[in-house]
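# Generate coordinates for the sequence data below:
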Amino acid sequence: MVGVKIITVGTLKEAYLRDAAAEYEKRLSAFCKLSQTNLKEEKLPDSPSASEINNALSKEAERILAEMPRRAYKIALCVEGRQLSSEELAEKLGDVSATHGEVCIVIGSSHGLDESVKSACDLRLSFSRLTFPHQLMRVILLEAIYRGFNILKGTHYHK
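I've put the predicted structure just below:
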């Protein structure tokens, strides 16, 4: 069974988001071994300077890079990433299952990811040109992974 590790910066604060994530985590247990690592987001002032943001992203990057499995296929979620259809994501999950056995997907903080994290990844992935709150993105990601595995399995979930 393929391993899926999700590394996120920040916590799910809203109960409805925690409930949605828990539902997809339960569903995914039929398809993969899911693990999640939630890292602390660096505190910033209300109107941080570019230097303060970069410093915070650098500190977050150290913690992210320490958690990334060496042999996993690594994906950074970022706005400049490549957009995939659900079928293409399913194909990527299938390929990773066969070649690496584990995928690691990283969601950064509300200010994104440091370049060092993006450079350490095999793929930069964008879900949309729209901006989503990073807490909501976790639920969207879990659903997309669940959909991908259902496509691979040939179920009727994906219409």
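
# In which helix or strand does the nearest residue to His111 once chain neighbours are set aside reside?
Excluding its sequence neighbours, the residue lying closest to His111 (C-beta to C-beta, 6 or more residues apart in numbering) is Ile53, at 5.1 Å. For every residue, glycine as well, the C-beta is placed using N, CA and C. Per DSSP states H and E, Ile53 falls inside helix 50-67.

# So which bits of that helix are buried?
Ile53, Ala56, Leu57, Glu60, Ala61, Ile64 (16 or more other C-beta atoms under 10 Å).

# So Arg70 belongs to a strand, correct?
No. Counting by DSSP: H, G, I helix; E, B strand; the rest coil, Arg70 is not part of a strand but coil.

# Could you give the number of residues near it?
Using other C-beta atoms under 10 Å, the number of residues around Arg70 comes to 7.

# By residue count, what's the longest strand in this structure?
Scanning the chain for the longest strand, with DSSP state E as the assignment, gives strand 73-82.

# Quick one: the helices in the chain, in order.
Remark: helices assigned in the chain by DSSP state H are 15-28, 50-67, 86-99, 115-120, 134-153.

# residue ranges with poor pLDDT in this structure?
Along the chain, segments meeting pLDDT under 70 are nowhere present.

# Swap in 90 and give it another go.
Judged by pLDDT under 90, the chain has its weakly predicted residues at 11, 110, 130-135, 156-159.

# Tell me the buried residues in stretch 138-157?
Using 16+ other C-beta under 10 Å as the test for burial, stretch 138-157 gives 138-152.

# Looking at the residues you listed, which one is closest to Ser128?
Using C-beta to C-beta, Ile140 is the member of the buried residues of stretch 138-157 that lies nearest Ser128, at 9.0 Å.

# hang on, the closest one packs against Leu130?
No. Counting by C-beta atoms under 8 Å, Ile140 stays clear of Leu130, with 10.7 Å between them.

# quick revisit: thought the residue nearest to His111 was touching Ser109?
No. Ile53 is beyond contact range of Ser109, at 9.6 Å (criterion: C-beta under 8 Å).

# For the helices of the chain, give me a markdown table that also has distance to Ile7.
Below are the helices of the chain laid out as a markdown table (distance: least, C-beta to C-beta, whole Å):
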| stretch | distance to Ile7 |
| --- | --- |
| helix 15-28 | 14 |
| helix 50-67 | 5 |
| helix 86-99 | 16 |
| helix 115-120 | 9 |
| helix 134-153 | 11 |
